[in-house]
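Novice: curious how this folds, go ahead:
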Amino acid sequence: MTLPMVVPAQDLPAHVRIHEVGARDGLQNEKSVVPTEVKAEFVHRLATAGLRTIEATSFVHPKWVPQLADAEQLFPMLGDLKGVALPVLVPNERGLDRALALGAHRIAVFASATESFAKANLNRTVDESLAMFEPVVARAKADRAHVRGYLSMCFGDPWEGAVPVHQVVRVAKALIDMGCDELSLGDTIGVATPAHVQTLLAELNEEGVPTSAIGVHFHDTYGQALSNTLAALQHGVSTVDASAGGLGGCPYAKSATGNLATEDLVWMLQGLGIDTGVDLGLLTATSVWMAGQLGRPSPSRTVRALSHQES
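Specialist: Residues are numbered from 1 along each chain as shown. The predicted structure is shown next:
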């Protein structure tokens, strides 16, 4: 019998688009610089496994994220990938210039729902950061680029604690109103719980943000990432961020541990009968390979279980 056994649940999306962040969010906090050739092979292997949205890199200043200083070298190495969206992160207009010059068609900006994280991550207030993003989004849209708006600290903040839902909704609505095509709601320090997720989604809907424009980005700090994802699916969300092998965190939030592992997500979705287009065996092999490049085992439970079965 092929496992997991498929037992569909009612009222869930038939298809989920996985927004793979392993190559960018997953690697950005690595202390040892990963060679550009290894990053390029990682992205190619992820594409071979069936992932069709793979966040490639970030055009931030190398001083802030040295791991991603090779964006200009890496992005052209991915030009042979057909049918694969390769979004890139841009912090400002200079970053947008660099991305557009290389032919990027999908960009992302990153905002904060809290003042403390906006100061730590962007050295600005929340409103100042939104003002900084307005010309970035406007120019990207004028260039016919797809724009994603990341929103961090949607469920809790390491400095401020609980974050009021209305505060998150205000910033999320501002990103949509300035022209973002989609939002990614970030549980940056992994403190969300299922009812909190559904409450925020319902409030966003009430303020005119459609579920179709919302993705979710959960960290597994307290082991809640999959349960929170299921809560989002039950609300109708069909875009889920995940990182191959569970790589990643955030260099500006020390309590942010690993992202939801793509393999763990795919295992759950396969069991629910939800299509992702991803070959779990190839994806697991990719994460085992990447773990070898990084010199440590993958934290993904599914990677460990499946790779153990094959050994």
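Novice: which residue is nearest the centroid of the protein?
Specialist: Of all residues in the chain, the one closest to the mean position by CA atoms, centre = their mean is D241, 4.1 Å from it.
Novice: does it sit in a helix, a strand or a coil?
Specialist: Following DSSP: H, G, I helix; E, B strand; the rest coil, the label given to D241 is strand.
Novice: for it, what are its contacts?
Specialist: I18, H19, E20, V21, S184, G215, V216, H217, F218, N259, L260 (CB atoms under 8 Å, 6 or more residues apart in numbering). For glycine as for every other residue, the C-beta is placed from the backbone atoms N, C-alpha and C.
Novice: so where's this protein shaky on pLDDT?
Specialist: Filtered on pLDDT under 70, the chain yields the residue ranges 1, 249-257, 310-311.
Novice: longest helix anywhere in it?
Specialist: When the chain is parsed with DSSP state H, its longest helix is helix 126-142.
Novice: am I right that L185 sits in a strand?
Specialist: Yes: L185: assigned to a strand according to three-state DSSP.
Novice: chain neighbours aside, what residue packs nearest to it?
Specialist: Distances taken as CB to CB, 6 or more residues apart in numbering place C154 nearest to L185, at 4.7 Å, with adjacent residues excluded.
Novice: roughly how far apart are the one you found and V209?
Specialist: Using CB to CB, to the nearest Å, C154 is found at 13 Å from V209.
Novice: more neighbours: which of those two?
Specialist: Neighbour totals were compared for C154 and V209, and C154 leads with 28 against 19 (other CB atoms under 10 Å).
Novice: what residues does the more buried one make contact with?
Specialist: For C154, the contact set (CB under 8 Å, 6+ apart) comprises A113, V163, V168, A172, L185, G186, D187, T188, A192, L200.
Novice: where along the chain do the strands fall?
Specialist: For the chain, the strands defined by DSSP state E occupy 17-20, 53-54, 57-58, 88-89, 106-112, 146-152, 182-187, 214-218, 239-242.
Novice: would you turn those strands into a markdown table with distance to L78?
Specialist: Compiled in a markdown table, the strands of the chain are given as follows (distance: least, CB to CB, whole Å):
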| stretch | distance to L78 |
| --- | --- |
| strand 17-20 | 13 |
| strand 53-54 | 8 |
| strand 57-58 | 9 |
| strand 88-89 | 10 |
| strand 106-112 | 12 |
| strand 146-152 | 16 |
| strand 182-187 | 21 |
| strand 214-218 | 21 |
| strand 239-242 | 19 |
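Novice: which one of the ones you listed lies closest to L74?
Specialist: L74 lies closest, by CB to CB, to one member of these: strand 57-58, at 5.3 Å.
Novice: can you spell out which helices and strands pack onto that closest one?
Specialist: helix 71-74, strand 88-89 (3 or more CB pairs under 8 Å, 6 or more residues apart in numbering; DSSP states H and E).
Novice: wait, L102 touches F75, no?
Specialist: Yes: when contacts are counted by CB atoms under 8 Å, L102 is listed as touching F75 (4.8 Å).
Novice: of the two, who's got more company?
Specialist: F75 (22 against 16).
Novice: state the distance from that one to L68.
Specialist: Distance of F75 to L68, given as CB to CB: 11 Å.
Novice: repeat that for G179.
Specialist: According to CB to CB, G179 stands 25 Å off from L68.
Novice: and those two? which has more neighbours close in?
Specialist: Using other CB under 10 Å as the criterion, G179 and L68 rank with L68 on top: 24 against 16.
Novice: ok, now which ones touch the closest residue to that one other than its chain neighbours?
Specialist: Sequence neighbours aside, S58 is the residue nearest to L68 in space, at 4.6 Å (criterion: CB to CB, 6+ apart). Counting by CB under 8 Å, 6+ apart, S58 touches R24, Q28, V65, L68, A71, V88, L89, V90, P91, G95.
Novice: neighbour-wise, give me the winner out of the residues you listed.
Specialist: V90 (28 neighbours).
Novice: can you map out the helices along the protein?
Specialist: For the chain, applying DSSP H gives helices covering 36-48, 71-74, 93-101, 115-122, 126-142, 165-177, 194-206, 225-235, 262-271, 280-294, 301-310.
Novice: pick the most deeply packed of those.
Specialist: Across those, averaging neighbours per residue (mean count of other CB atoms under 10 Å) puts helix 262-271 on top, at a mean of 24.
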